[in-house]
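Peer 1: output the structure for:
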Amino acid sequence: MAPRPVRSQNRPFAWGVYERVFRPWMRRRLDVLCAGPNHPVHQGRAILLCANHTSWWDGFVMREVHRRVRPDSALWTIMLERELRRFRVFAQIGGIGIEPGSTGSMRRLLRSLRDIGSEGRSACVSFFPQGRIGSVTQRPLGFRRGVELVAGALVPAAVVPVGIHIQPGAKTPRSIAYVAIGDPLPGDGSSLDAGELEERVTGLLDRIREFTDEHGEDAERRWGRR
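Peer 2: Next up is the predicted model:
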């Protein structure tokens, strides 16, 4: 018998612990530098943040993106069910599980997203359409079409492409996460095309790579910072 899915929640107490304990610990190891909108995005609809998946840190990097584009909302993050079972605390800070290849799991996910989408302006969901961690230089990224179903469950939604590039710091022992936040795709998410979204994220990653190649050790100082 398959294990029961982990129940997902968004508990203020758990987020408080995250902010007071985990986030300072993370920032001693990873400096997140964001370039893009530094203001709330589309307050009248849900937001779906879609990024490439390059490391274990990515979910926490998306929390920093969330702080910029929808700081007054709850954040929900779609992740593997097995990871939720391994780190139960993630379920307390909005982790929603999915079991690849399971129709029942996808149905539960979409049902949960429809409930979240009904919250309107307070809904913010992060998702990694590759479905697995890959190299930041991987081309094509290989976005899966499940992202189209995810966006459809949140309609109306603003789909925001995000590029994440993590590399060792030039002037610090910490790693640096260069993050580019793109403009929302046209439409309300009901006709999202996974290929178009992948092109947008690929363009953001190419922009980061060109920038770091051009500025070298000064890139950390020059890239957008909150």
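
Peer 1: chain neighbours aside, what residue packs nearest to residue 56?
Peer 2: Excluding its sequence neighbours, the residue lying closest to residue 56 (C-beta to C-beta, 6 or more residues apart in numbering) is residue 133, at 7.5 Å. Where you see a C-beta, it was placed from the backbone N, CA and C, and this is true even at glycine.

Peer 1: what's the answer for residue 105, then?
Peer 2: Closest residue in space to residue 105, ignoring its immediate chain neighbours: residue 99 at 3.8 Å, by C-beta to C-beta, 6+ apart.

Peer 1: also residue 181?
Peer 2: Spatial nearest neighbour of residue 181, chain neighbours left out: residue 36 (2.7 Å); criterion: C-beta to C-beta, 6+ apart.

Peer 1: surely the one you found and residue 164 touch.
Peer 2: No - using C-beta atoms under 8 Å, residue 36 makes no contact with residue 164, being 11.9 Å away.

Peer 1: overlap in contacts of those two?
Peer 2: Residues within reach of residue 36 and of residue 164 at once, by C-beta atoms under 8 Å, 6 or more residues apart in numbering, are residue 179.

Peer 1: just after the worst-scoring helix or strand of the chain on mean pLDDT, pick out the following helix or strand.
Peer 2: In the chain, the helix or strand scored least confidently by mean pLDDT, DSSP states H and E is helix 81-86, which has a mean of 86. Later in the chain than helix 81-86, the nearest helix or strand by DSSP states H and E is helix 89-92.

Peer 1: ok, longest helix in the protein?
Peer 2: The helix that spans the most residues within the chain, counting by DSSP state H, is helix 194-215.

Peer 1: got the buried residues for it?
Peer 2: Residues 194, 197-198, 200-202, 204-205, 207-209, 211-212 are the ones in helix 194-215 that count as buried (16 or more other C-beta atoms under 10 Å).

Peer 1: next: stretch 71-83.
Peer 2: Buried, per 16+ other C-beta under 10 Å, within stretch 71-83: 73-79, 81.

Peer 1: likewise for stretch 107-118?
Peer 2: Quick answer for stretch 107-118 (16+ other C-beta under 10 Å): 108-110, 112-113, 116-117.

Peer 1: so who does the nearest residue to residue 66 once chain neighbours are set aside touch?
Peer 2: Excluding its sequence neighbours, the residue lying closest to residue 66 (C-beta to C-beta, 6+ apart) is residue 75, at 4.6 Å. For residue 75, the contact set (C-beta under 8 Å, 6+ apart) comprises 10, 62-63, 66, 93-94, 124-126.

Peer 1: let me know how buried residue 94 is, in neighbour terms.
Peer 2: Neighbourhood size, residue 94 [other C-beta atoms under 10 Å]: 25.

Peer 1: residue 170 versus that one, what's the distance?
Peer 2: From residue 94 across to residue 170, the span is 33 Å (C-beta to C-beta, to the nearest Å).

Peer 1: quick one, grab the pLDDT at residue 5.
Peer 2: With respect to pLDDT, residue 5 scores 69.

Peer 1: looking at residue 36 and residue 164, which is more packed in?
Peer 2: Higher neighbour count among residue 36 and residue 164: residue 164, with 26 against 19, using other C-beta under 10 Å.

Peer 1: ramachandran angles for that one?
Peer 2: phi -120, psi 120 (degrees, to the nearest 10).

Peer 1: that one touches residue 177, doesn't it?
Peer 2: Yes - assessed by C-beta under 8 Å, residue 164 is found in contact with residue 177 at 6.2 Å.

Peer 1: tell me where the model's unsure across the chain.
Peer 2: 1-6, 38-40, 119-122, 225-226 (pLDDT under 70).

Peer 1: with that, I have no additional questions.
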